[in-house]
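make a model of this:
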Amino acid sequence: MSDPSRPKNVVVLGSTGSIGESSLKVARDLPGRMKLVGLAANRSADALAAQMAEFGVQQGCLYDRGGLDRVRSALPDKVTLHSGDSGLVELATLPEADLVLIAIVGVAGLKPALAAIEAGKDIAVASKEILVMAGEAVMTAARRKGVRVLPVDSEHNAIFQCLEGRSPEEVSRLVLTASGGPFRTLPAADLPEVTVAQALRHPTWEMGKKITIDSATLFNKGLEMIEARWLFDIGMDRVDVIVHPQSIIHSMVEFIDSSVLAQLSTTDMCFPIQYAVTWPERVPNTLPPLDFATLAKLEFEAPRWNDFPALHLSREAGTTGGTLPAVMNAANEVAVSAFLEGHLSFPGIWDTVAETMSLHRPLRHPSLEEIVASDEWARETAKSYLTRT
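I've put the predicted structure just below:
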């Protein structure tokens, strides 16, 4: 059990994004349990300075060093500021940190995650890319160092709660719930006409543009399948998806005796973040409880695997393993950017990823350098494909 007499010292990498902002809400709500000791942002200099001033944080990192002077001028001289990849690693390995929450989108979160593990820090993972690209390396390092990898995604946090004290051998299936996105009922014939504005209207969650598009294509759920495979040491054939439009049940675990446990709460990322910070304890907060009397119904339906091929592609990548998940992830990032810029149709996202994956020869048990090289290869290959379409 953790020591409730002192707050847990937490570093948040990606503090100005949506997950980072939710983390700060938790810190405000639970000042006796969570103390922020390091904050990092990409290029939001003013927001980072305001956050550090509010919480009295002495260590900060602005990845884009071009805005460092603005942050420095807004804070006391005693504050230490870092930048770039080395700055993220500095924060991830702060001696006083108990937990490093990684909410950086893309490959940039991978090095600080591994550095934190090597420094003996528990990590809370909100960035899908870390476990999608390097799940084998991350979980192997965590076991070797005896540190915990705590999930912050609502789906994985739900599974984590349902699995407390259970071994993988007792599990029949992990069932990830999906809202189905804005096109859950849209006929397949209409998908080529989908606009960026339509794809950004998520029916349940308020998120950044990239993850919102991933939710619309179901790549978000596909990436979560791969994450779950590594987090919970479960084969891809035992990771499933069910569409649940209300997003009240955040995921479920079916055990070998056919019993199913589910975790429910209102749709607020503060719930999983708080549990990652306070685990293994539960503490009261100001978040709204579920009102079962007002829940009209909870619906479930099978995902449209053929109309939304992200799930098939993700299962292939997760089953093959090696560098293929990193290639899939990188190609998807390139394709989503092209779609957001108006250069690619909505189904073109799947086509780009499928083509890039088909050209790759996966490496087994890759090193960090090989993962990064595969990521770069996939980006160039996807961009080349887009110039020809």
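
CA only for contacts and neighbour counts going forward, please
OK.

now the residue of the chain most remote from its centre. Its backbone dihedrals?
Here the centre of the chain is the reference, and by C-alpha atoms, centre = their mean the most remote residue is Asp77, at 34.2 Å. The phi/psi pair for Asp77 (degrees, to the nearest 10) reads phi -60, psi -30.

low-confidence stretches in the stretch 101-250 of the chain?
205-206 (pLDDT under 70).

which parts of it are helices?
Along the stretch 101-250 of the chain, counting by DSSP state H, counting those that start in this stretch, helices occupy 110-118, 128-145, 154-162, 196-199, 209-217, 219-231.

between the ones you listed, which gets nearest to Leu368?
Among the helices of the stretch 101-250 of the chain, helix 128-145 comes nearest to Leu368, with 7.7 Å by C-alpha to C-alpha.

run through who's touching that closest one.
Helix 128-145 has contacts (C-alpha atoms under 8 Å, 6 or more residues apart in numbering) with 105-107, 109-110, 113-114, 117-118, 120, 148-149, 223-224, 226-227, 230-231, 323, 325-326, 329, 365, 367-368, 371.

which of the residues in it are buried?
Neighbour counts over helix 128-145 (16 or more other C-alpha atoms under 10 Å) mark 128-139, 142 as buried.

same deal with stretch 72-86?
Quick answer for stretch 72-86 (16+ other C-alpha under 10 Å): 72, 75, 81-83, 85.

in these, find the pair that's most separated.
The span of these, defined through C-alpha to C-alpha, is set by Leu75 and Asp85 at 22.1 Å.

OK, contacts around Ser265?
Contacts for Ser265 (C-alpha under 8 Å, 6+ apart) come out as 248-250, 271, 289-290.

turn these into a markdown table, columns for distance to Thr319.
Shown next, in a markdown table, are the contacts of Ser265 (distance: C-alpha to C-alpha, whole Å):
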| residue | distance to Thr319 |
| --- | --- |
| Ile248 | 29 |
| Ile249 | 26 |
| His250 | 24 |
| Phe271 | 31 |
| Pro289 | 38 |
| Leu290 | 37 |
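
most neighbours among these, which one?
Within the contacts of Ser265, most neighbours by other C-alpha atoms under 10 Å means His250, with 25 neighbours.

can you tell me the SS state at Ser251?
strand (DSSP: H, G, I helix; E, B strand; the rest coil).

and if you look at the one 3 residues further on?
Glu254 carries the three-state label strand when classified by three-state DSSP.

so it is in contact with Arg173, correct?
Yes. Using C-alpha atoms under 8 Å, Glu254 is in contact with Arg173, at 5.1 Å.

what about those two, which has more around it?
Arg173 (22 against 19).

OK, contacts around that one?
Counted by C-alpha under 8 Å, 6+ apart, Arg173 has contacts 238-240, 253-255.

now Ala40
Going by C-alpha under 8 Å, 6+ apart, Ala40 touches 12-16, 48, 60-63, 88, 91.

you'd agree it is in a strand?
Yes. Counting by three-state DSSP, Ala40 is part of a strand.

tell me where the stretch 151-300 of the chain has strands.
Remark: strands assigned in the stretch 151-300 of the chain by DSSP state E, counting those that start in this stretch are 171-178, 239-243, 249-255, 260-264.

where in the stretch 251-389 of the chain is pLDDT low?
Under the criterion pLDDT under 70, no range of the stretch 251-389 of the chain is flagged.

for the residue lying closest to Ala188 once chain neighbours are set aside, phi and psi?
Closest residue in space to Ala188, ignoring its immediate chain neighbours: Asp307 at 6.0 Å, by C-alpha to C-alpha, 6 or more residues apart in numbering. For Asp307, the backbone dihedrals (degrees, to the nearest 10) come out as phi -80, psi -30.

ok, back up a step: between the buried residues of stretch 72-86, which is closest to Arg379?
Asp85 (19.9 Å).

Val11: neighbour count?
Count around Val11 with other C-alpha under 10 Å applied: 29.

look up which helix or strand it falls in, please.
According to DSSP states H and E, Val11 maps onto strand 8-13.

strand partners of that strand, parallel vs antiparallel please.
Strand 8-13 sits in its sheet next to strand 34-41 (parallel), strand 99-102 (parallel), going by DSSP bridges.

what about it, average pLDDT?
Averaged over strand 8-13, pLDDT sits at 98.

quick one, that strand and helix 110-118 angle?
160 degrees (axes from the mean of the first three to the mean of the last three C-alpha atoms, to 10 degrees).

next structured bit after strand 8-13?
Using DSSP H and E, the helix or strand that follows strand 8-13 in sequence is helix 18-29.

quick one: list the elements packing against that following helix.
Helices and strands touching helix 18-29, by 3 or more C-alpha pairs under 8 Å, 6 or more residues apart in numbering; DSSP states H and E, are strand 8-13, strand 34-41, helix 270-278.

let's see that with 10 Å instead.
Packing partners of helix 18-29 (3 or more C-alpha pairs under 10 Å, 6 or more residues apart in numbering; DSSP states H and E): strand 8-13, strand 34-41, helix 45-55, strand 99-102, helix 270-278.

pick the most deeply packed of these.
strand 99-102 (a mean of 30; mean count of other C-alpha atoms under 10 Å).

for Leu163, give me its contacts.
By C-alpha atoms under 10 Å, 6 or more residues apart in numbering, the residues touching Leu163 are 157, 170-171, 174, 232, 252-255, 261-262.

could I get those residues in TSV, plus columns for distance to Met34?
TSV is the format used below for the contacts of Leu163 (distance: C-alpha to C-alpha, whole Å):
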residue	distance to Met34
Asn157	18
Glu170	34
Val171	33
Leu174	30
Phe232	26
Met252	28
Val253	29
Glu254	33
Phe255	34
Leu261	29
Ala262	27
